[in-house]
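Visitor: Build me a model:
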Amino acid sequence: MLEVYTYNAGKGDCLRIRFGQGHNMLIDTGVMRFGIRLKEICEEIQSSGETLDVLILTHVDDDHIGGILSLLRSGWKCPFLEVRMNHSGLVSPSANSNAYLSTTQNDEVYQRLASQNVQILPMLAGHLIFVDKAKIITISPKAILTDNIRANTPLAYQRDYGKSLSQLASSPIRSTDRSINNKNSIIFIFEYEGRRLLFTGDAWAEDLVRGLGHDMQDFDLVKLPHHGAAGNISADFKNHINCSNFLICTDGVAHPDKQTIAKLASWYGKINIFSPSDWWSRGFFTSEDDTDLINLIHREGLAVKWHT
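Guide: A predicted model of the protein is given here:
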């Protein structure tokens with residue numbers, strides 16, 4: 001059995017992989033206000049007699065680490081057997097850091113976990129993790145980079161909802177993510193009983209493509225980088241990833257970009273988009289759009305299940 005759960009963690013990410021006989025992995029913890037729900041999720045898993053094997057914090061932005069930070073500040077005891085994160089002690093905070101680029105908050109998460117004697121391990125390209133019959137293959141980052149020009153990083157979102165899918169599909173991708181925090185995102189492949197899932201944090205498109213290597217790879221599910229921002233995919237995406245099931249984690253306030261959906265449909269044909277929020281119901285499509293190839297699935301909690 002293999003299940004993927006998605007949670008509406010504000011503009012951020014929180015995912016759960018449930019597999020085998022009661023094994024669980026959480027990926028990211030959403031924004032700070034999601035902490036209460038995060039605690040409930042962990043308690044529900046534990047009360048069912050299952051284990052919280054691994055928590056992966058993909059990078060330092062507060063919409064990925066905010067939930068656990070709020071809980072640790074309240075005195076919450078971390079229940080995970082292992083936490084994987086690339087500690088911000090290896091990253092020089094920029095003078096331009098703000099609430100969304102929270103290297104100092106990541107350092108606080110690390111220190112609070114360390115004070116509880118939680119096992120904290122890095123997760124860099126080439127690292128392998130084995131839990132039960134699951135294999136987790138890290139493909140990026142190779143190293144943690146620093147940044148002194150974050151103020152020049154363009155916003156990934158400028159509403160493109162007024163343009164048609166056909167216009168956006170035929171247009172060049174208009175921007176490229178240049179946030180070093182996002183570049184530091186952990187990208188990994190989760191393999192279990194013949195199923196392959198790809199998780200990307202907020203990774204840059206070029207690092208995702210480079211990490212996958214030269215060959216086309218088949219996946220049963222791909223979590224799209226940076227909440228579906230167009231600046232985090234590229235034309236090379238289709239030459240390296242073969243998939244029809246995609247996951248977008250967002251509440252729809254800032255993401256996704258409509259061009260992302262347009263490009264995926266033009267590259268792959270019929271696609272399924274899973275999300276814990278129905279962001280597409282708020283003026284996302286125009287009367288000109290042909291959405292026959294796009295199956296939008298709003299599921300909070302259990303999103304996808306495979307019998308293995």
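
Visitor: Count residues in the vicinity of the nearest residue to residue 122 once chain neighbours are set aside, would you?
Guide: Of all residues not flanking residue 122 in the chain, residue 86 sits nearest, at 5.5 Å (Cβ to Cβ, 6 or more residues apart in numbering). Any C-beta I mention is one placed from the backbone N, CA and C, and that applies to glycine too. As a burial measure, residue 86 scores 23 neighbours (other Cβ atoms under 10 Å).

Visitor: Let me see the ranges of the strands in the stretch 151-300 of the chain.
Guide: 187-192, 195-199, 217-218, 221-223, 241-242, 245-247, 271-275, 294-298 (DSSP state E, counting those that start in this stretch).

Visitor: JSON lines for the ones you listed, including distance to residue 34?
Guide: As requested, the strands of the stretch 151-300 of the chain are exported to JSON lines (distance: least, Cβ to Cβ, whole Å):
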{"stretch": "strand 187-192", "distance to residue 34": "22"}
{"stretch": "strand 195-199", "distance to residue 34": "18"}
{"stretch": "strand 217-218", "distance to residue 34": "31"}
{"stretch": "strand 221-223", "distance to residue 34": "17"}
{"stretch": "strand 241-242", "distance to residue 34": "28"}
{"stretch": "strand 245-247", "distance to residue 34": "17"}
{"stretch": "strand 271-275", "distance to residue 34": "16"}
{"stretch": "strand 294-298", "distance to residue 34": "18"}
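
Visitor: And the pLDDT for the closest residue to residue 190 other than its chain neighbours?
Guide: Leaving aside its chain neighbours, residue 190 sits nearest to residue 197 (4.4 Å; criterion: Cβ to Cβ, 6+ apart). For residue 197, the pLDDT comes out at 98.

Visitor: Now do the same contact list for residue 197.
Guide: 4, 17, 189, 190, 191, 219, 220, 221, 222, 223 (Cβ atoms under 8 Å, 6 or more residues apart in numbering).

Visitor: Quickly note the distance from it to residue 104.
Guide: For residue 197, the distance to residue 104 (Cβ to Cβ, to the nearest Å) stands at 32 Å.

Visitor: if I read this right, residue 249 contacts residue 13, doesn't it?
Guide: Yes - contact criterion Cβ atoms under 8 Å: residue 249 and residue 13 qualify, at 4.3 Å.

Visitor: which of those two has more neighbours?
Guide: Neighbours per residue (other Cβ under 10 Å) separate residue 249 from residue 13, with residue 13 holding more: 33 against 30.

Visitor: what sits against that one?
Guide: Counted by Cβ under 8 Å, 6+ apart, residue 13 has contacts 27, 28, 30, 58, 63, 64, 201, 223, 227, 249.

Visitor: now do residue 21
Guide: residue 132.

Visitor: Against residue 53, how distant is it?
Guide: As judged by Cβ to Cβ, residue 21 and residue 53 stand 12 Å apart.
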